[in-house]
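J.: just coords:
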């Protein structure tokens, strides 16, 4: 993509996503790249706005310390016009305080050696109840790779990143990082476009990371929902979960070479996501490590990854290992997923070795609908212990599809629907003899009293409308 095309595409994205938020009250402070921002920051009160003049802001470092917005009158940091202020070079933005909204700013070809945007102004002064919305973070094809940096570092609590555009990051460093601590983060990352990220060839190419191994036993409580990930190929972990009690729901992973990886932490939920491999090498699904994770209502199709990039993989763990090792898989629920034409549907006991000797234990694999085409269903490295298998259905013309566990053979009757997913046309084709406790289907509708396998209950009514309380595109708009 050349520079002119990239600029045009950025403008289009802003037009599609931008609901420009204009404050109703307070003073306006208009600044240019030569303004003394520290004077402005000290003058800001709840309801005020900082307006960045349109044009280039090359190498400008902006810090707003301890801003005191209020829930009914936040402080705004915004561009003069949507997308008009463009920060580049060694530019940085730092802010801390309460109820701050950053909107309409473009961060393009920033080459610093630290974080481009930080939701803190000091290690002890963080951001709370703040929002970054309708912003663009991009690196164009003709730009230098630059030094290692992260584009967005989230600190504090109750912050939201929404309706932003991220694409093109070539150098080392995670695109978006949520940092953990003693407090529950309770952040939300939603309705964003995460566009192409080329292969890095080493660690440090994640699109999102939540936590670190050092704080992985602590709760973050972050929700990642309604995002679209397209060609996020930086490394094997598209998302790297390294904390507890996070939720990943209603996202689309479209032709991404990698997997949503629960690398550290426990009690996370992966629900109602769509993984489209489009038969591209290395495309994967969900990798599970740790205790009490839930993987439900997801749709997997055309994935060509195996091992850590299988559609669903449960790893072997290290007994009593260090925080940065592989925690044993215990109590995982894999239920009501639909898996079609995936190179390896289930990878069990991945990484088994003398050191990594703890097999998955006490898991529940139930009510999944599998149509492997020519591929094997299970690849077993160690047999899971105490695992319940029930209500799983399999459609295959092959007599041996490499699965040692009980699947009921059935014609599933899947047909391509208007949103391009393969959905069952009749509940009879996917009915099982075992009841399930999963309440909703992939569309978020309550399941009927029928016991059905797969992510979709065809007796519910699919409207294809945005989720209640949200604006802008949802995952259902991205699958075509």
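T.: Nice, thanks for sending it over. All values derive from a computational prediction rather than experimental measurement.
J.: okay, now the unreliable bits of the chain?
T.: Within the chain, the stretches with pLDDT under 70 are 1-25, 399-402, 461-480.
J.: mind doing that once more with 80?
T.: The model of the chain has pLDDT under 80 over residues 1-25, 112-113, 397-406, 461-480.
J.: now do the helices in it.
T.: Listed in chain order, the helices of the chain (DSSP state H) span residues 3-17, 37-43.
J.: measure the nearest residue to residue 99 once chain neighbours are set aside to residue 158 for me?
T.: In this structure, residue 99 finds its nearest non-sequential neighbour in residue 69, 3.3 Å apart by C-beta to C-beta, 6 or more residues apart in numbering. For glycine as for every other residue, the C-beta is placed from the backbone atoms N, C-alpha and C. For residue 69, the distance to residue 158 equals 13 Å [C-beta to C-beta, to the nearest Å].
J.: ok so, going back, so the residue nearest to residue 99 makes contact with residue 98?
T.: Yes. When contacts are counted by C-beta atoms under 8 Å, residue 69 is listed as touching residue 98 (5.6 Å).
J.: tell me the contacts of the spatially closest residue to residue 236 that is not a sequence neighbour?
T.: Distances taken as C-beta to C-beta, 6+ apart put residue 258 closest to residue 236, at 5.2 Å, once the chain neighbours are dropped. With contacts taken as C-beta atoms under 8 Å, 6 or more residues apart in numbering, residue 258 has the following neighbours: 232, 233, 234, 235, 236, 237, 238, 282, 283, 284, 305, 309.
J.: please report the distance of residue 258 from residue 206.
T.: In this structure, residue 258 and residue 206 are separated by 8 Å, where distance is defined by C-beta to C-beta.
J.: spatially central residue for this structure, please.
T.: Most central in the chain under C-alpha atoms, centre = their mean is residue 224, positioned 5.2 Å from the mean C-alpha point.
J.: how about it, what does it touch?
T.: Counting by C-beta under 8 Å, 6+ apart, residue 224 touches 188, 189, 190, 208, 210, 239, 246, 247, 248, 249, 251.
J.: again, only using 7 Å
T.: With contact set as C-beta atoms under 7 Å, 6 or more residues apart in numbering, residue 224 has these partners: 189, 208, 239, 248, 251.
J.: got it, and residue 386?
T.: When contacts are counted by C-beta under 7 Å, 6+ apart, residue 386 is found next to 361, 362.
J.: can we see that at 8 Å?
T.: For residue 386, the set of contacting residues under the criterion of C-beta under 8 Å, 6+ apart consists of 361, 362, 363.
J.: what about the second one, neighbour count?
T.: In this case it means residue 362. Residues lying near residue 362 (other C-beta atoms under 10 Å) number 15.
J.: on that earlier part again, in TSV, list the contacts of residue 224 along with distance to residue 218.
T.: Listed next are these as TSV, based on distance: C-beta to C-beta, whole Å:
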residue	distance to residue 218
189	18
208	18
239	18
248	18
251	23
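J.: who wins on neighbours among those residues?
T.: residue 239 (30 neighbours).
J.: close enough to count as contact, that residue and residue 265?
T.: No. Checked against C-beta under 8 Å, the pair residue 239 and residue 265 is beyond contact range at 11.9 Å.
J.: so for residue 69 and residue 158, which sits in the more crowded spot?
T.: Counted by other C-beta under 10 Å, residue 69 and residue 158 do not tie: residue 69 has more neighbours, with 23 against 18.
J.: so who does residue 348 touch?
T.: For residue 348, the contacting residues are 313, 314, 360, 378, 379, 380, 381, 382, 383, 384, by C-beta under 8 Å, 6+ apart.
J.: from these, list the buried ones, please.
T.: Buried by 16 or more other C-beta atoms under 10 Å: 313, 314, 360, 378, 379, 380, 381, 382, 384, out of the contacts of residue 348.
J.: as CSV, these with distance to residue 398 would be great.
T.: As requested, the buried ones among the contacts of residue 348 are arranged in CSV below (distance: C-beta to C-beta, whole Å):
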residue, distance to residue 398
313, 22
314, 23
360, 26
378, 13
379, 15
380, 17
381, 22
382, 24
384, 23
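J.: just to revisit the earlier point, what sits against the residue nearest to residue 99?
T.: Contacts of residue 69 by C-beta under 8 Å, 6+ apart are 46, 47, 75, 97, 98, 99, 100, 101.
J.: start to end distance for stretch 110-126?
T.: The straight-line separation of the ends of stretch 110-126 (C-alpha to C-alpha, to the nearest Å) is 23 Å.
J.: could you do stretch 260-269 as well?
T.: Start-to-end, stretch 260-269 (C-alpha to C-alpha) is 11 Å.
J.: neighbours of residue 148, how many?
T.: A total of 13 residues lie near residue 148 under the criterion other C-beta under 10 Å.
J.: burial count for the nearest residue to it once chain neighbours are set aside?
T.: Spatial nearest neighbour of residue 148, chain neighbours left out: residue 172 (4.3 Å); criterion: C-beta to C-beta, 6+ apart. As a burial measure, the neighbour count of residue 172 was computed by other C-beta under 10 Å and equals 19.
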